[in-house]
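Enquirer: Structure for the following, please:
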Amino acid sequence: MDLDELTPAERRVWQAFPRGERVDFGTAADEDVAEGGSWGPERTVRATVLRALLLHAPQEAGEIAALKLAGAKITGALDLRYATVDHITRLSTCHFDEVPDLSGARLRHLNLGGSALPGLRSAHVRIEGALRLTGCRFGGPLQLTGAQITGQLFLDRAQLTSPDEQKPVLRLDQAVLGDDVSAAGLRAHGQVRLDRASVVGTIDLDDAFLSDPRGTALTAQTLTVGADLRAMRLVAHGLVDLRGARIPGQLNLAHAQLSHPGGRALRASSAVIGELWLREAEPVVGSVNLRRAQVDLLHIAPETWPDRVQLDGLTYTTLAPHQPAERRLPAVLRDTDGYVPHAYEQLAAAYRRIGDDHAARLVQLARQRRHRATLPSYARLWGYVQDGTVGYGFRPLRAAVWLLSLLAIGSAVYALHPPRALKPSEAPHFNPVFYTLDLLLPVISFGQEDAFAPDGWYQGLSYALIITGWILATTVVTGVTRTVSRQ
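Expert: Numbering: from 1, shown residues only. Okay, here's the model as predicted:
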């Protein structure tokens, strides 16, 4: 490009480039870059000039050429499609009046921090270094589909909006990032998409605000993260979709606010997560789907669960914080899939692993009661009998009380109406207490039952005592055995 064709501002940039010197047109530290459309020619640079610099400008021997420009108004579209740029490119706090196009380009280091852009097209871009978009304001979609970035992606405090509500404001789907994604304080008014993306390090969404009028604030299906996904104090209006994600470290949603009234607020079905933290999070507004998810540590307070959950197939090793079973059970009862035995088994197993067998038995009892509601009427009747007498076998002390009560009744009845002796000359002295014990206890014999035979309805009473004795005594023995095995 002929230097005579350049404006004074452009000539200044052109002359600084071979030596990698910084050119700053800014006039005040607090000036609003979004108002850059009104900046005059003294700080205006055409995009075609920047393209010519990056692709064809001469270099000085012994110097490292670089484009370092700040506070400029860049007019026209910066078109670097499929170009190879070997220089560091820093266009910070600049105002772009048209959407730059970096699709398929190969760049070293790109810094657009603090700039205002109507959007950015950079699908399948390859950056051998970091991509800095810290504090940028995008008035249209930021497209990084299929991008390959060897360094870190910075989106801290970036603001994303789009006039087209049908398109995501950020597309990182199928992107491959060799380091962290730093997006603390990100504000996105539209869908953020990370489907099938791969991040070697950590994703940081602390203090981010995500809102999508269409209903999906964040979609990261089958996302792969090498370490953690941090989203402390995240505010999400719409679905947070992590179906099939792989997060070996923490998915940290502590103090988060997840809201999607009438819809699904969080989906992590079939995900594999090291630790899922919802510590001190606001009560979720909307449903939660954790079907078939695998979590080592699930940290969620009972009051955080919403009114509708889907937990079938969810497996976890540790459930925190420790809460009584009475507080944990309502979440299982809210499962929209109805009676889900697996959810009860997982909760009971979590209590057993920390030695709280009482809570585990309460969960198992609740499971039997929930199952009873699915049975036909005749089976439900038998279930009520089991529940009222022995608590489905999970309350052995109740069975012992029933045994003592039946012993007292039987002893009193047979004391008033002793049964006849089968062989009077050989029969021992009749004892109503030990005769009743002979009827109730299925194994121990005191020689009374074989020597005496009641008549009439007293015989029917003896049959009833034998049957109930078998049931109750077995329950008591099971409870004692369980206690001894724990000790």
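Enquirer: Which residues are in contact with L3?
Expert: When contacts are counted by CB atoms under 8 Å, 6 or more residues apart in numbering, L3 is found next to R11, W14. No exception for glycine: its C-beta is placed from N, CA and C like everyone else's.
Enquirer: To clarify, my last question referred to H371.
Expert: Y339, P341.
Enquirer: Confirm for me that L407 is in contact with L437.
Expert: Yes - between L407 and L437 there is a contact under CB atoms under 8 Å: 6.6 Å.
Enquirer: Let me see the backbone angles for the closest residue to A66 other than its chain neighbours.
Expert: Once flanking residues are discounted, A66 sits nearest to G20: 3.7 Å by CB to CB, 6 or more residues apart in numbering. Main-chain dihedrals, G20, degrees, to the nearest 10: phi 70, psi 30.
Enquirer: State the number of residues packed around G20.
Expert: G20: 17 surrounding residues under other CB atoms under 10 Å.
Enquirer: Please apply the same query to D164.
Expert: D164 has 10 neighbours, counted by other CB under 10 Å.
Enquirer: re earlier: quick one: the residue nearest to A66 from I88, how far?
Expert: 7 Å (CB to CB, to the nearest Å).
Enquirer: Please give me every residue in contact with P442.
Expert: So, once contact is read as CB under 8 Å, 6+ apart, P442 ends up touching I466, G469, W470, A473, T474.
Enquirer: between the residues you listed, which is closest to H342?
Expert: Closest to H342 out of those is T474 (27.3 Å), distances taken as CB to CB.
Enquirer: got the buried residues for stretch 134-150?
Expert: 134-150 (16 or more other CB atoms under 10 Å).
Enquirer: Over to stretch 410-420?
Expert: G410, S411, V413, Y414, P419.
Enquirer: How far away from the center of its chain is the strand or helix carrying the second one?
Expert: If I follow you right, that is S411. Assigned by DSSP states H and E, S411 belongs to helix 396-416. Per CA atoms, centre = their mean, to the nearest Å, the displacement of helix 396-416 from the mean C-alpha position of its chain is 52 Å.
Enquirer: any idea which helix or strand comes after that helix?
Expert: Criterion used, DSSP H and E; the element after helix 396-416 is strand 420-421.
Enquirer: Can you list the neighbours in contact with that next one?
Expert: Here strand 420-421 has contacts from A427, F430, A451, F452, A453, P454, D455, using CB under 8 Å, 6+ apart.
Enquirer: Now, of those, which are buried?
Expert: Looks like those have F430, A451, F452, P454 buried, using 16+ other CB under 10 Å.
Enquirer: Quick one: those residues as TSV, columns for pLDDT too.
Expert: Shown next, in TSV, are these (pLDDT from 0 to 100):
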residue	pLDDT
F430	87
A451	83
F452	84
P454	86
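Enquirer: Report pLDDT for G244.
Expert: The model reports G244 with a pLDDT of 96.
Enquirer: Let me know the distance separating the nearest residue to it once chain neighbours are set aside from T315.
Expert: If the residues on either side of it in the chain are set aside, G244 comes closest to T222, at 4.2 Å by CB to CB, 6+ apart. Counting by CB to CB, the gap between T222 and T315 amounts to 19 Å.
Enquirer: Please apply the same query to S287.
Expert: 20 Å.
Enquirer: So for those two, which residue has more residues nearby?
Expert: Using other CB under 10 Å as the criterion, S287 and T315 rank with S287 on top: 20 against 15.
Enquirer: What about the closest residue to the more buried one other than its chain neighbours, how many residues nearby?
Expert: Spatial nearest neighbour of S287, excluding adjacent residues (CB to CB, 6+ apart): R308 at 3.9 Å. By the other CB under 10 Å criterion, the neighbourhood of R308 contains 15 residues.
Enquirer: didn't R308 look like it was pressed against V285?
Expert: No - if you go by CB under 8 Å, R308 and V285 don't touch, sitting 10.6 Å apart.
Enquirer: which neighbours do G20 and I88 share?
Expert: With CB under 8 Å, 6+ apart, G20 and I88 have common neighbours A66, K68.
Enquirer: Okay, strands next: where are they in the stretch 201-350 of the chain?
Expert: 203-204, 209-219, 224-225, 229-230, 235-241, 246-252, 257-267, 272-277, 285-289, 294-299, 309-310, 315-320 (DSSP state E, counting those that start in this stretch).
Enquirer: right, and the ones you listed - which one's nearest V169?
Expert: strand 209-219 (8.5 Å).
Enquirer: Partner strands of that closest one and their direction?
Expert: Counting by DSSP bridges, the strands paired with strand 209-219 are strand 187-189 (parallel), strand 192-193 (parallel), strand 235-241 (parallel).
Enquirer: measure stretch 431-448 end to end?
Expert: 8 Å (CA to CA, to the nearest Å).
Enquirer: ok now it, how far from the chain's centre?
Expert: The chain centroid and the centroid of stretch 431-448 are separated by 58 Å under CA atoms, centre = their mean.
Enquirer: can you pull the buried residues of that stretch?
Expert: 431-441, 446, 448.
Enquirer: From those, which land in helices?
Expert: P432, V433, F434, Y435, T436, L437, D438, L439, L440 (DSSP state H).
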